[in-house]
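Chemist: Okay, sequence plus prediction incoming.
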Amino acid sequence: MRHEPRLPRDDVNAPPRSPLKDGLVMLLGLAAIVGVIFGAMTLLIDHLVPYVPRSWESRMFPNFEELVHQPENEDERTYKRRLEDLMARISAHWPERPDGLRVGLLDDELPNALAFPGGQILVTTGLMKEVESENELAFILGHELGHYAGRDHLRSLGRGLTLALIMAALGRSGAAGDLVGLSSQITGRAFSREQESQADAFGLSLVVAEFGHVSGATDFFEKLPAPEGKIERSLSTYLATHPVSDERIEAMERLAIENDWPVDGVTSPLE
Amino acid sequence: MDASPSMLVQLLMPLALLIGAYFIGNAIEKKHYRELRVREHASRRFITVTFPYEPRDEEIVGSTLVTGSVVISVDYFKRFLAGLRMLFGGRIKSYEPLLDRARREAIMRMKEDARAGGYHAVSNMRLETARIASSSGNNKGTAAVEILAFGTGLKLRRRAPATP
């Protein structure tokens, strides 16, 4: 037997291929599949959420009572009185309001207001210090009521669960799964901003029902620091959970024009 | 606006790593193939067979175990593609050239081992693959693979002409 030396071939065990194209096709395919699943699930959730009784909803989430700050001085007692008074007046304009709506103080210097699942609204002492008119505070409360009107807690929970499921399904696929999961998380932020805009519209309609005009309602947004610079602006537009302040103001101005709500009016001072 | 910058970093870091790993990995692969071809061409007459070699005109005057071993791991880009393949199935094309290079490099090293010891041929060559598990043990860390080529190096001497 004669020995026949030969060189290894390059194209048998590792045939020429285009890894970039291969990867791109798979990545786009994966993104499309995840997109369709996520879209179908959110559609389903949005259709089912109205049928979930509110009493179930409050049982689904933990109790937030211990977060409520009891007034410790004269200022805080005034804040609490103002909140409860305005809450009663504002929510009266929402006939389908659920039972168990309550408002309290949250001991925090950052101006913020939060709607907890089950009907507990908390407004920070920091915000109460900055608020100057009833109209301004009424809009903040109306906005938080809007989150209950939209069943936003359940809808967010549903989206969160869907995302978690998708992430778990992609778990073993490494960086590709992380990338797709993260992209859908950022896409989810758009939903959060949409919820906020809807809550704004709801809040504004309550303000109009109470005061007859929209003047003073958006004062609070003008106090929030606006993101500076072009890059920060466009970043916060896509990544933020809330719309940018001046966009919210503009959206509400449009809303007032569309609904023929009076823009000028005398704002009521806080008592 | 909670955690927005960190989300962006989480998204951009893998992308930067992917692009970097793709170009670096490509350059290394091309260079390695070039070198392999030169070395394989230079040693193409060095007899390497997978069966017990029995020379016709020579006698075997010495033998020893010769080995060549390579340990390889995958880069970020290749693992990214393989991760996608784990969802869709099919050939992991990004791993094929890597393992092809590793096998050829292991055989070349074995030949070089034999030649350095003064051996003229390798018979009974075998290839073995061993998986080196990641130290983290959760399948997330980078694992490696060892390719081992081994065989029997033979020292040959021309037979003395038959005496009449």
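Modeler: Happy to help now that I have it.
Chemist: The stretch 101-250 of chain A: helices as residue ranges?
Modeler: Secondary structure of the stretch 101-250 of chain A by DSSP state H, counting those that start in this stretch: the helices cover A:125-130, A:134-149, A:152-169, A:175-211, A:219-223, A:230-239, A:245-258.
Chemist: Can you check which of the ones you listed gets nearest to A:Asn13?
Modeler: helix A:175-211 (25.1 Å; Cβ to Cβ). Placement of C-beta: from N, CA and C, glycine included.
Chemist: Now for chain A, the helix or strand with the poorest mean pLDDT.
Modeler: helix A:230-239 (a mean of 67; mean pLDDT, DSSP states H and E).
Chemist: Chain B: strands as residue ranges?
Modeler: Along chain B, counting by DSSP state E, strands occupy B:47-48, B:58-73, B:121-132, B:144-158.
Chemist: Quick one: low-confidence residue ranges for chain B.
Modeler: B:1-7, B:134-142, B:162-164 (pLDDT under 70).
Chemist: tell me, what residue is most central in chain A?
Modeler: Compute the mean C-alpha point of chain A, and by Cα atoms, centre = their mean the closest residue is A:Ser192, 3.2 Å away.
Chemist: Out of the strands of chain B, which is closest to A:Thr42?
Modeler: Using Cβ to Cβ, the nearest of the strands of chain B to A:Thr42 is strand B:58-73, at 40.0 Å.
Chemist: could you give the angle of the closest one to strand B:121-132?
Modeler: 20 degrees (axes from the mean of the first three to the mean of the last three Cα atoms, to 10 degrees).
Chemist: for A:Thr42, what are its contacts?
Modeler: The contact partners of A:Thr42, by Cβ atoms under 8 Å, 6 or more residues apart in numbering or on different chains, come to A:158-159, A:162, A:191.
Chemist: Quick one: these as CSV, columns for distance to chain B and pLDDT too.
Modeler: Converted to CSV, the contacts of A:Thr42 look like this (distance: Cβ to the nearest Cβ, whole Å; pLDDT from 0 to 100):
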residue, distance to chain B, pLDDT
A:Gly158, 20, 89
A:Arg159, 16, 87
A:Thr162, 18, 88
A:Phe191, 15, 82
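Chemist: how about the helices in chain B?
Modeler: Here chain B has its helices, by DSSP state H, at B:4-42, B:76-88, B:96-116.
Chemist: Touching the second one from outside, list them.
Modeler: With contact meaning Cβ under 8 Å, 6+ apart, helix B:76-88 is reached by A:19, A:22-23, A:26-27, A:29-30, A:170, A:172-177, B:14, B:17-18, B:20-22, B:25, B:74, B:91-95, B:98, B:142.
Chemist: Make a ChimeraX selection of the buried ones in these.
Modeler: If you want just the buried ones from the contacts of helix B:76-88 in ChimeraX, going by 16 or more other Cβ atoms under 10 Å in any protein chain shown, the selection is:
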select /A:19,22,23,26,27,30,170,173,174,175,176,177 /B:14,18,21,22,25,74,92,93,94,95,98
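Chemist: Enumerate the residues of chain A near chain B.
Modeler: A:3, A:5-8, A:10, A:13-15, A:17, A:19-20, A:22-23, A:26-27, A:29-30, A:170, A:172-179, A:182-183, A:185-186, A:235-236, A:239-242 (Cβ under 8 Å from any Cβ of the partner chain).
Chemist: Mind checking which residue lies nearest the centre of chain B?
Modeler: Note: chain B centre (Cα atoms, centre = their mean) maps to B:Ala102, 1.3 Å.
Chemist: Next one: it from A:Val266, what distance?
Modeler: 81 Å (Cβ to Cβ, to the nearest Å).
Chemist: What residues does A:Glu144 make contact with?
Modeler: A:113-115, A:121, A:199, A:203.
Chemist: same thing but 10 Å
Modeler: Applying Cβ atoms under 10 Å, 6 or more residues apart in numbering or on different chains, we find A:Glu144 in contact with A:87, A:90, A:101, A:103, A:113-116, A:120-123, A:199, A:202-203.
Chemist: ok, and which of the helices of the stretch 101-250 of chain A has the densest surroundings?
Modeler: helix A:134-149 (a mean of 25; mean count of other Cβ atoms under 10 Å in any protein chain shown).
Chemist: Distance from the chain centre to it, please.
Modeler: 14 Å (Cα atoms, centre = their mean, to the nearest Å).
Chemist: What angle do helix A:175-211 and it make with each other?
Modeler: Using the same axes, to 10 degrees, helix A:134-149 lies at 130 degrees relative to helix A:175-211.
Chemist: so A:Arg151 touches A:Val52, yeah?
Modeler: Yes. Using Cβ atoms under 10 Å, A:Arg151 is in contact with A:Val52, at 7.6 Å.
Chemist: Which residues are in contact with each of these two?
Modeler: Joint contacts of A:Arg151 and A:Val52 (Cβ under 10 Å, 6+ apart) are A:Gly158.
Chemist: Who has more neighbours out of the two?
Modeler: A:Arg151 (21 against 13; other Cβ atoms under 10 Å in any protein chain shown).
Chemist: State the distance from the more buried one to B:Arg34.
Modeler: Applying Cβ to Cβ to A:Arg151 and B:Arg34 gives a distance of 64 Å.
Chemist: The residue nearest to the centre of chain B contacts B:Glu146, doesn't it?
Modeler: Yes. Using Cβ under 10 Å, B:Ala102 is in contact with B:Glu146, at 8.7 Å.
Chemist: what residues are shared contacts of those two?
Modeler: Joint contacts of B:Ala102 and B:Glu146 (Cβ under 10 Å, 6+ apart) are B:69-72, B:129.
Chemist: Turn those residues into JSON lines, columns for distance to chain A and neighbour count.
Modeler: Formatted as JSON lines, the shared contacts of B:Ala102 and B:Glu146 follow (distance: Cβ to the nearest Cβ, whole Å; neighbours: other Cβ atoms under 10 Å in any protein chain shown):
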{"residue": "B:Ser69", "distance to chain A": "18", "neighbour count": "17"}
{"residue": "B:Val70", "distance to chain A": "15", "neighbour count": "19"}
{"residue": "B:Val71", "distance to chain A": "19", "neighbour count": "13"}
{"residue": "B:Ile72", "distance to chain A": "13", "neighbour count": "16"}
{"residue": "B:Thr129", "distance to chain A": "14", "neighbour count": "12"}
